[in-house]
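S.K.: return a 3D structure for these sequence lines:
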Amino acid sequence: MTERLGRETLPRRALIGASAPERTGIVHLGLGNFHRAHAAVHTAQAMAAAGGEWGIRGFAFSSGRVAEPMRAQDNVYSILQLTEDGVQAGVVDVHRDTAIAAQDPSAVVSAIADPAHRVLTLTISELGYSRDGATGRLAVSDPRVAADLRQPAAPSTGVGMIARGLEARAASGEPFAVASCDNLQSNGAATRGVVLEFLQAADASQDVLDYVASAVSFPNTMVDRIVPGTTAEHSRQVAELLGLEDACPVPAEDFSMWVMEDDFAGGRPAWEQAGAVFSDEVDAYEMVKLRLLNGPHSLIAYLGVLSGRETIAESWSQDFVRTAVDAAIRNDFLPSFTLPAGFDLEAHLALLSRRWGNPLIRHATTQVGSDGSSKLVQRLTGAALHSLDRGAMPHHLALSMAAWIACTAPPAGFAPGPLAERIVEPAGERLAEAVRGAAGVEDHVRRILDAGLFPPALAGHEGFAARTAELLSTLVRHGARAAVAEAGAARAD
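M.R.: Coordinates of the predicted model:
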């Protein structure tokens, strides 16, 4: 019988970076695969380079899927790195405690309040910030947010836990940093905004508000590493490479990038010695991620689902998908922002193509396509409005919107196929209610855009709604390839 991975069996030859000391300096909320393959790895490597008491106290949000097996093996786990040349396995040993926030939210609050902790990192997804998609402000009408405002002892939302933790920490006055690692535009500023709005709505004292304003920083960050879901095959490969059984391995590509503002009020690990970039152009790098990787990633996913392709690599192998993405990048996304100084665009696009085409990653199209109602607000809105405000139609962004609708809220009579059933769409019921009784595809699209998920400037743009409806009609009648051809032909006119 194969031994289980743990502190006693940890193969030192395979250790990534350094093992953390017992004292923890970082709290993390959202204990999923991405955090474990990204910030945790950079932290292990930073401690190997410069030391420090930067062990991580990690909280899964609500599921024990990761936290429970991690606890069973002393919070040690493996990274299975999937490269074009094959697979490699390493071991990460930086988490010193793992728990489930929903089971004990007061523990999250106490961990944030603990003066020994100096940084809180977040991977709670776009949904976790409880923002209103139309305004970007705290969704105070959300029943869970409203409950957190009424019941301070047991917050259930990420924003509630952060705000209550900072409220408790204000008593010590110790400086602190809250670093979002999620795909939100200006994620630090966005986090600061909803936290302050929560505290104000909760009638927090002026002392607390002054503490957050003066001693808590919210650095903007950009994170990038493709981390697919773990499968039985990944577990088998780890056992073969390490000779140990790991109940919670993390598969990941060999690329990893982390760009941050150097604004950590309470101090931080030497992440720059582990490959992280500290820059005053985070916003530009953020746009590179959102509009050259994330936005096209969604288009690849939805076109893949609609053409029966299970993985991003399989979708990317189709010529019409590559054509659509290249046109979206060059015509719709790139004109909407300024690249960082000295940025090599063509080298970056070639790298993206290799990453999307890596067959070992097996990143599910349905995983990338999930949560589209929140993802597309971040990934498409700004670029689409940039074109529309200048009198140009972003045909391939309308195609992305149409493909999302076809997958998650299809018009009557259209069946998007079995893969679409695997997409998780939190707004699914809301969308179904919105389109009930729609009189044709154009009415169907307008009802979705008017459902309060997208900012009014985009939702109310008649031209964009009409173009989305035209492409959706082509998609449901003639398929994804025909819709791509139509979007391209319109651009060429």
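S.K.: what's the offset of the helix or strand bottoming out on mean pLDDT in the chain from the middle of its chain?
M.R.: For the chain, using mean pLDDT, DSSP states H and E, the weakest element among its helices and strands is helix 480-492, scoring a mean of 91. Centre-to-centre, helix 480-492 and its host chain are 29 Å apart (Cα atoms, centre = their mean, to the nearest Å).
S.K.: what's that helix in contact with?
M.R.: The contact list for helix 480-492 (Cβ atoms under 8 Å, 6 or more residues apart in numbering) reads 303, 306-307, 320-321, 323-324, 327, 331, 393, 395-396, 398-399, 402-403, 470-472, 474-475. For the C-beta atoms, the positions are set from N, CA and C on the backbone; glycine is no exception.
S.K.: where exactly do the helices run in the stretch 51-200 of the chain?
M.R.: 67-72, 105-113, 143-150, 158-169, 187-201 (DSSP state H, counting those that start in this stretch).
S.K.: which strands or helices does the longest one pack on?
M.R.: The one in question is helix 187-201. Under the contact criterion of 3 or more Cβ pairs under 8 Å, 6 or more residues apart in numbering; DSSP states H and E, the helices and strands touching helix 187-201 comprise helix 143-150, helix 158-169, strand 176-180, helix 206-215.
S.K.: who are the packing partners of the third one?
M.R.: Okay, so that is strand 176-180. Applying 3+ Cβ pairs under 8 Å, 6+ apart, one finds that strand 176-180 makes contact with strand 119-122, helix 158-169, helix 187-201, strand 216-217.
S.K.: what about the third one, average pLDDT?
M.R.: So that's helix 187-201. The average pLDDT within helix 187-201 is 97.
S.K.: what average pLDDT does stretch 324-334 get?
M.R.: pLDDT averaged over stretch 324-334 gives 98.
S.K.: also stretch 391-399?
M.R.: 97.
S.K.: for stretch 465-479, same thing?
M.R.: If you average the per-residue pLDDT over stretch 465-479, you get 97.
S.K.: dump that stretch to CSV, restricted to CA.
M.R.: As requested, the backbone C-alpha atoms of stretch 465-479 are provided in CSV (Å, rounded to 0.1, in the frame of the first residue of the first chain):
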residue,chain,number,x,y,z
ALA,A,465,-28.3,44.3,-28.1
ALA,A,466,-29.4,44.1,-31.8
ARG,A,467,-26.0,42.8,-32.9
THR,A,468,-25.9,40.2,-30.1
ALA,A,469,-29.3,39.0,-31.2
GLU,A,470,-28.3,38.7,-34.8
LEU,A,471,-25.3,36.6,-33.9
LEU,A,472,-27.3,34.5,-31.5
SER,A,473,-29.8,33.8,-34.2
THR,A,474,-27.0,32.6,-36.5
LEU,A,475,-25.5,30.6,-33.8
VAL,A,476,-28.7,28.7,-32.9
ARG,A,477,-29.7,28.2,-36.6
HIS,A,478,-26.4,27.4,-38.2
GLY,A,479,-23.8,26.8,-35.5
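S.K.: other residues contacting it?
M.R.: When contacts are defined by Cβ under 8 Å, 6+ apart, stretch 465-479 is touched by residues 306-307, 393, 395, 398-399, 401-403, 405-406, 410-411, 413-414, 441-442, 444-446, 449, 459, 482-483, 486-487.
S.K.: in it, what counts as buried?
M.R.: Residues of stretch 465-479 classed as buried: A465, R467, T468, A469, E470, L471, L472, S473, T474, L475, V476 (neighbour count, 16 or more other Cβ atoms under 10 Å).
S.K.: dump these to a markdown table, plus distance to A202 and secondary structure.
M.R.: As requested, the buried residues of stretch 465-479 are exported to a markdown table (distance: Cβ to Cβ, whole Å; DSSP: H, G, I helix; E, B strand; the rest coil):
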| residue | distance to A202 | secondary structure |
| --- | --- | --- |
| A465 | 38 | helix |
| R467 | 43 | helix |
| T468 | 39 | helix |
| A469 | 42 | helix |
| E470 | 46 | helix |
| L471 | 44 | helix |
| L472 | 42 | helix |
| S473 | 47 | helix |
| T474 | 49 | helix |
| L475 | 45 | helix |
| V476 | 46 | helix |
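S.K.: just give me the closest of these to H386.
M.R.: In terms of Cβ to Cβ, no member of the buried residues of stretch 465-479 lies closer to H386 than R467, at 15.5 Å.
S.K.: any idea how far T408 is from the closest one?
M.R.: Here the criterion is Cβ to Cβ, to the nearest Å. By it, R467 lies 19 Å from T408.
S.K.: same check on G51?
M.R.: The span separating G51 from T408 equals 48 Å under the rule Cβ to Cβ.
S.K.: these two - which one has more neighbours?
M.R.: Each of G51 and T408 has its neighbours counted (other Cβ atoms under 10 Å); T408 has more, 23 against 12.
S.K.: tell me the pLDDT of that one.
M.R.: In this prediction, T408 has a pLDDT value of 97.
S.K.: contacts only, for the closest residue to it other than its chain neighbours.
M.R.: Counting by Cβ to Cβ, 6 or more residues apart in numbering, T408 lies nearest to E425, which is 4.4 Å off, once chain neighbours are set aside. For E425, the contacting residues are S370, D371, G372, S373, T408, A409, L431, taking Cβ under 8 Å, 6+ apart as the criterion.
S.K.: can I assume E425 sits in a strand?
M.R.: No - looking at E425 with DSSP: H, G, I helix; E, B strand; the rest coil, it is coil, so not inside a strand.
S.K.: could you check how far it is from P418?
M.R.: Relative to P418, E425 is positioned 15 Å away (Cβ to Cβ).
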